[in-house]
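Engineer: need a structure here:
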Amino acid sequence: MDITQFDPRTLTLLGAGTCVMLSMHFTVQLLSQHLFYWKNPKEQKAIIIIILMAPIYALDSFVGLVDIQGSKPFFTFLDSVKECYEAL
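Structural biologist: Next up, the predicted model:
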């Protein structure tokens, strides 16, 4: 696979997809550690809410990059979910 033959759009999508997958991996890892060592529920609940913001923002940004016909309503819905989650 020769990366120099990809167009900029494909490279951007590959890079963004890689970052989304890394974000999901580290989020699941950190979330499982917090759930396994559940010592201070009130504080850890707030921490988990903050931890879950990263993959939501990553997915929202990735969907914004993907230009699929008819994706505008889904992107609007996902952006609304992100804004509501941010309001927590």
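Engineer: Now the worst-scoring helix or strand of the chain on mean pLDDT: buried residues?
Structural biologist: The helix or strand of the chain with the lowest confidence, counting by mean pLDDT, DSSP states H and E, is helix 72-87 at a mean of 86. Within helix 72-87, the residues that qualify as buried are 78, 82, counting by 16 or more other C-beta atoms under 10 Å. Just so you know, the C-beta spots here come from the backbone N, C-alpha and C atoms, and that holds for glycine as well.
Engineer: Now tell me what touches that helix from outside.
Structural biologist: Residues from elsewhere that reach helix 72-87, judged by C-beta atoms under 8 Å, 6 or more residues apart in numbering: 52-53, 56-57, 59-60, 63-64.
Engineer: what about 10 Å?
Structural biologist: 49, 52-53, 56-57, 59-64, 66-68, 71 (C-beta atoms under 10 Å, 6 or more residues apart in numbering).
Engineer: same deal with stretch 15-35?
Structural biologist: Under C-beta under 10 Å, 6+ apart, the answer for stretch 15-35 is 40, 44-45, 47-48, 51-66.
Engineer: quick one: buried residues of that stretch?
Structural biologist: Buried residues in stretch 15-35 (16+ other C-beta under 10 Å): 16, 20, 23, 27.
Engineer: From those residues, which land in helices?
Structural biologist: Of the buried residues of stretch 15-35, the ones assigned to helices by DSSP state H are 16, 20, 23, 27.
Engineer: Need these in CSV (columns: distance to residue 33).
Structural biologist: Output for these, formatted as CSV (distance: C-beta to C-beta, whole Å):
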residue, distance to residue 33
16, 26
20, 21
23, 16
27, 11
